[in-house]
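Peer 1: Have a look; sequence and predicted model below, questions after that.
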Amino acid sequence: MSEPSADAGDAEAVPAQQKDLDQQLQPQGQAVGEAGGSPPTEEEAPPTEQTEEVVEAATDTDSGAPGTDDDSTGSDSTDDDTIAEKLAQLETDATAARTKKDQADVALADLENRLTTLRAVQKDAETAATAYTAAYDALAREDTAYGEYLQSQEQGLRRQLGEAGVAEVEALDTARKDRANQLETELKTAAEKLTSAESTREEQRLAVKEKGDALAGWKKLTATVTAQHTELKTRREEIAKARQAGEYALAYWLLDQARARRESFDDGPRLIDPDDLQHKLLDAVTALADAQKALADAETAATTAKADLAAATKARDKHRAESEAQLRESLRTAGTHATTGESNA
């Protein structure tokens, strides 16, 4: 009997290797033929081709090679994004983050303040609660007794005073309260008048300055008009520069601004006929004098309003300090003449 050849031994070992490798790769859908061994038969060829595609796909996925279908790259940017767009987005996000940080800082400061206050209270809370609990019953009895006292005294005094006496007491008390309210109203009105007078005074001060500047401009009309033309020339150069740069929108806006500025000169010293200068000077002098007179009146009004406020404050404070004592004295006098209801009974 002849010895088996080496080829025959290899032929028997290959199926065992294929079986082991098949068991290792079967969960991944890989074929035995991919790892080596004898070529498959014609019937096994199609599964082998399909397995090769699966193995290649699994290899690409594991290695993270480019060209996979996974769109998750860890970035929101696309190839079409420009640096300017990315910068703009980052600036917007940074601004939003700063706003949130500022709000968080304010909220944190408030919380820390509340914590500080509550911790300070916490130290004394237990002691205060213990003391109050111990004293509560006595305080409650005293509070109830005081309420009963007030009720009984009211009933007795009403009988002693009679309806006329009670009405007189209430009238005196009401008069005191009404006077206090009147003084508070007068004080508030005086304060408002002072605020208004001071505001008017400031407006008149500005008017005097404007009229003074206008008079100075008419007195030196040559220099004034020259300065106006210099300014308008600068604006014209800005318009020309914008047009040459193709910035037509900016040029149009500058043109509108230049027109408005030129028209504003009609309210002040401007280019006029030389024969009209004397009239303009006289008008400017009159306008300045009128403004100065108005300022003087405003100064007087403000001074008067300030004095009125001081007087109203003094009257209010005096009433607060003395009215209760005066009421007590009036009630003492009223009490001596009151008809005692109990003696008439």
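Peer 2: Alright, I've got the coordinates.
Peer 1: Report the contact partners of the most centrally placed residue in the chain.
Peer 2: Centroid check for the chain by Cα atoms, centre = their mean gives residue 103 as the closest residue, at 9.8 Å. Under the criterion of Cβ atoms under 8 Å, 6 or more residues apart in numbering, residue 103 has no neighbours. The way it works is simple: take the backbone N, C-alpha and C, and place the C-beta from them, glycine included.
Peer 1: got the residue ranges for the helices in the stretch 101-250 of the chain?
Peer 2: For the stretch 101-250 of the chain, the helices defined by DSSP state H, counting those that start in this stretch cover 221-244, 248-264.
Peer 1: any residues touching the shortest one, and which ones?
Peer 2: When you say that, I think you mean helix 248-264. In contact with helix 248-264 (Cβ under 8 Å, 6+ apart) are residues 231, 232, 235, 236, 238, 239, 242, 243.
Peer 1: switch to 7 Å and redo it
Peer 2: 232, 235, 236, 238, 239, 242, 243 (Cβ atoms under 7 Å, 6 or more residues apart in numbering).
Peer 1: With the first one instead?
Peer 2: Contacts to helix 221-244, defined as Cβ under 7 Å, 6+ apart, come from residues 217, 250-251, 254-255, 258, 261-262, 265, 269-271, 277.
Peer 1: hmm, 8 Å instead?
Peer 2: By Cβ under 8 Å, 6+ apart, helix 221-244 touches 217-218, 248, 250-251, 254-255, 257-258, 261-262, 265, 269-272, 277.
Peer 1: coming back round to it: how near is the residue nearest to the centre of the chain to residue 184?
Peer 2: Residue 103 sits 41 Å away from residue 184, going by Cβ to Cβ, to the nearest Å.
Peer 1: Residue 234 too?
Peer 2: Distance from residue 234 to residue 184, by Cβ to Cβ: 59 Å.
Peer 1: cool, and residue 224?
Peer 2: 54 Å.
Peer 1: Tell me which of these two has more neighbours.
Peer 2: residue 224 (19 against 14; other Cβ atoms under 10 Å).
Peer 1: Give me the distance between the more buried one and residue 265.
Peer 2: Residue 224 is 9 Å from residue 265, where distance means Cβ to Cβ.
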